[in-house]
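Participant: give me a model of this one.
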Amino acid sequence: MSSLEISNSCFSQEMKLPLSLQSVEASASESPRRDMNEVEEKPKDIIKFTAEKLSVDEISQLVISPLCGAVSLFIGTTRNNFEGKKVISLEYEAYVPMAENEIRKICSDIRQKWPIKHIAVFHRLGLVPVSEASTIIAVSSPHRAASLEAVSFAIDSLKAKVPIWKKQRHA
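Facilitator: Residues are numbered from 1 along each chain as shown. Next up, the predicted model:
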């Protein structure tokens, strides 16, 4: 049989998982299942300053919880203009120890105001080209209203209180 011919026998045979997948499947099905009400998950505040490009997917995954029905995000990006001038990038600096402490206080304030599970606040340092994210804030909560309000509060508080300095680079 040539490699282009399809054998009917391959469709009639039972599909078998590779041995390694079978053992994973078996061990998973043998473990006792917990009721979702029994799941205990400690709230997390994840704060990071980095020169690396930010990933919306990676950061949003950090706050996902089986106890929550909402993940809200704020993504602040570099726009190409400011007050009629062409912007080519932004440059950020921060006094990181103080900035981290201020963000921890913001997270604490959020937890006092809303029933939030996890919070992630990531901020770029250094050059951030047009259209790239400089800030990503992700919040998870059981219901959407709390996470949406918390994200709005977080970005407003960050801009007002956290020692991060932005310099625009013009064309």
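
Participant: which strand or helix spans Ala145?
Facilitator: In the assignment (DSSP states H and E), Ala145 maps to helix 144-161.

Participant: could you name the helices and strands sitting against that helix?
Facilitator: Contacts defined by 3 or more Cβ pairs under 8 Å, 6 or more residues apart in numbering; DSSP states H and E place helix 144-161 against strand 70-77, helix 96-113, strand 118-124, strand 133-141. Every residue, glycine included, has its C-beta placed from N, CA and C.

Participant: put together a markdown table for the ones you listed, with mean neighbour count, mean pLDDT and distance to Glu149 on each row.
Facilitator: Converted to a markdown table, these look like this (neighbours: other Cβ atoms under 10 Å; pLDDT from 0 to 100; distance: least, Cβ to Cβ, whole Å):
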| stretch | mean neighbour count | mean pLDDT | distance to Glu149 |
| --- | --- | --- | --- |
| strand 70-77 | 18 | 98 | 9 |
| helix 96-113 | 16 | 98 | 8 |
| strand 118-124 | 25 | 98 | 13 |
| strand 133-141 | 24 | 98 | 9 |
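
Participant: how far does the helix or strand harbouring Val87 sit from the chain's center?
Facilitator: Applying DSSP H and E as the criterion places Val87 in strand 85-94. The gap between where strand 85-94 is centred and where its chain is centred comes out at 23 Å by Cα atoms, centre = their mean, to the nearest Å.

Participant: show me what it pairs with in its sheet, parallel or antiparallel.
Facilitator: strand 81-82 (antiparallel), strand 126-129 (antiparallel), strand 164-170 (antiparallel) (DSSP bridges).

Participant: kind regards, and thank you for your time.
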